[in-house]
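> below are the sequence and a predicted model; questions follow.
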Amino acid sequence: MSIPKYDEMYRAFLDCLADGQAHKSKEVKDIVAGVFDISAIEREEMLPSGKQPLFDNRIGWTRTYLKKAGLIQSPSRGVYIITPIGLQVLAENPQKIDNLYLQHFESFREFLSPNSDGTTTPTHVATLSSQTPQDILDDAFKQINATLVDDILTEVMKQTPLFFEHLVVKLLTQMGYGGSVENAGTVIGQSGDEGIDGIIREDKLGFSLIYIQAKRWDCDKTVGRPEIQKFVGALAGQGAAKGLFITTAKFTKEARQYAEKQHTTKIVLVDGPALAKLMIEYNLGVSTEATYRIKRIDTDFFAEDID
């Protein structure tokens, strides 16, 4: 199943501590994962940043919000125990324990909106959701990049086919193909290119060459199997072992299947959205507008023994 939202794990987390004893973080996480039938593979699913497992991140926010509401406390690092208030909540057995329920507790209201009178503003209450702050940031990042992908393709389509061929070779160079060698990539282009638009060295010494076909076609156009067959034929004419077909258009399922079945020649297909994402990743045609640094507690620092 999918990883539950942080507020969906409130009750399960409290139930783990219902005996009033102190429990280690790993023990609680294992029990909660079992309650929601989260497999070991699902627990390894990472955040988009790749810095932390998604489950660990969300249950971390579960823990934080329950602490802010005064329902649990941490007597030592990585150890948690339910409070008398938390036991009272379990005894009352409310139909649902969510963020709206936690707003019954003054400490949680102060955490949400530290007004002088301890009340929350209507706006803050309305915007509190089941997403963790990390989820919200990740979703916003994805939305910004999705818009940027569209913007990049729009700009690319305004350029000439020759510009596009140069763009592809420059992108591959920035990705590390050819190293820092001058003329690592070459645009052939124009008529008489025998189906090959560019060539790039795979390594600094040029032991292997990658032959490129770069087509600036309408983004709504589909590239079918016949076009890939022609490209394979062009590669065979060059005695090439590796080929890259990169386009602003989209590939049909049959085209991708045909490329995957080639054994003597390795064929890689890159469509418009994939091209734009590579340009973003390798900073080609884009610039950084803002940088945010998210920090968290350094537990190693606080675990140091001072003699």
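Cool, the structure landed.
> can you pull the contacts of the closest residue to M46 other than its chain neighbours?
Spatial nearest neighbour of M46, excluding adjacent residues (Cβ to Cβ, 6 or more residues apart in numbering): P53 at 5.9 Å. To be clear about C-beta, it is placed using only N, CA and C from the backbone, and glycine gets the same treatment. For P53, the contacting residues are R43, E44, E45, M46, L47, by Cβ atoms under 8 Å, 6 or more residues apart in numbering.
> so for those, which is the shakiest by pLDDT?
Ranked by pLDDT, these bottom out at L47 (85).
> just to check, it is in contact with L54?
Yes - taking Cβ atoms under 8 Å as the definition, L47 is a contact partner of L54 at 5.6 Å.
> these two: which is more packed in?
A count of neighbours by other Cβ atoms under 10 Å puts L54 above the other of L47 and L54, at 20 against 17.
> what sits against the more buried one?
I3, E45, M46, L47.
> so what pLDDT did M175 get?
Per the predicted model, pLDDT is 90 at M175.
> Q262 touches V232, doesn't it?
Yes - counting by Cβ under 8 Å, V232 is a contact partner of Q262 at 6.3 Å.
> please say which of the two ends up with more neighbours.
V232 (20 against 13).
> surely the more buried one forms part of a helix?
Yes - counting by DSSP: H, G, I helix; E, B strand; the rest coil, V232 is part of a helix.
> surely it touches L269?
No - counting by Cβ under 8 Å, L269 is not a contact partner of V232; they are 11.6 Å apart.
> helix/strand/coil for K67?
Relying on three-state DSSP, one would call K67 helix.
> number of residues surrounding it?
17.
> looking at it now. What's its pLDDT?
pLDDT, K67: 93.
> pull the contacting residues for it.
Q73, S74.
> and H23, what is it in contact with?
C16, L17, V79, Y80, I81.
> in strands only, show me those residues.
Here DSSP state E is the test, and those give V79, Y80, I81 as lying in strands.
> how about Y258, nearest residue that isn't a chain neighbour?
Per Cβ to Cβ, 6+ apart, closest to Y258 is R225, 4.8 Å.
> thought R256 was touching that neighbour, still the case?
No - R225 is beyond contact range of R256, at 9.1 Å (criterion: Cβ under 8 Å).
> for the protein, what spans make up the helices?
Listed in chain order, the helices of the chain (DSSP state H) span 10-16, 25-35, 40-43, 54-68, 84-92, 99-102, 106-112, 122-127, 133-157, 161-174, 225-238, 253-260, 272-281, 299-302.
> measure the nearest residue in space to T248 that is not next to it in sequence to L54 for me?
The shortest distance from T248 to any residue other than its chain neighbours is 4.2 Å, reached at G272 (Cβ to Cβ, 6+ apart). Using Cβ to Cβ, to the nearest Å, one obtains 29 Å as the distance from G272 to L54.
> how about A146?
Taken as Cβ to Cβ, the span from A146 to L54 is 20 Å.
> how long is stretch 75-83 from one end to the other?
Using Cα to Cα, to the nearest Å, the end-to-end distance of stretch 75-83 comes out at 11 Å.
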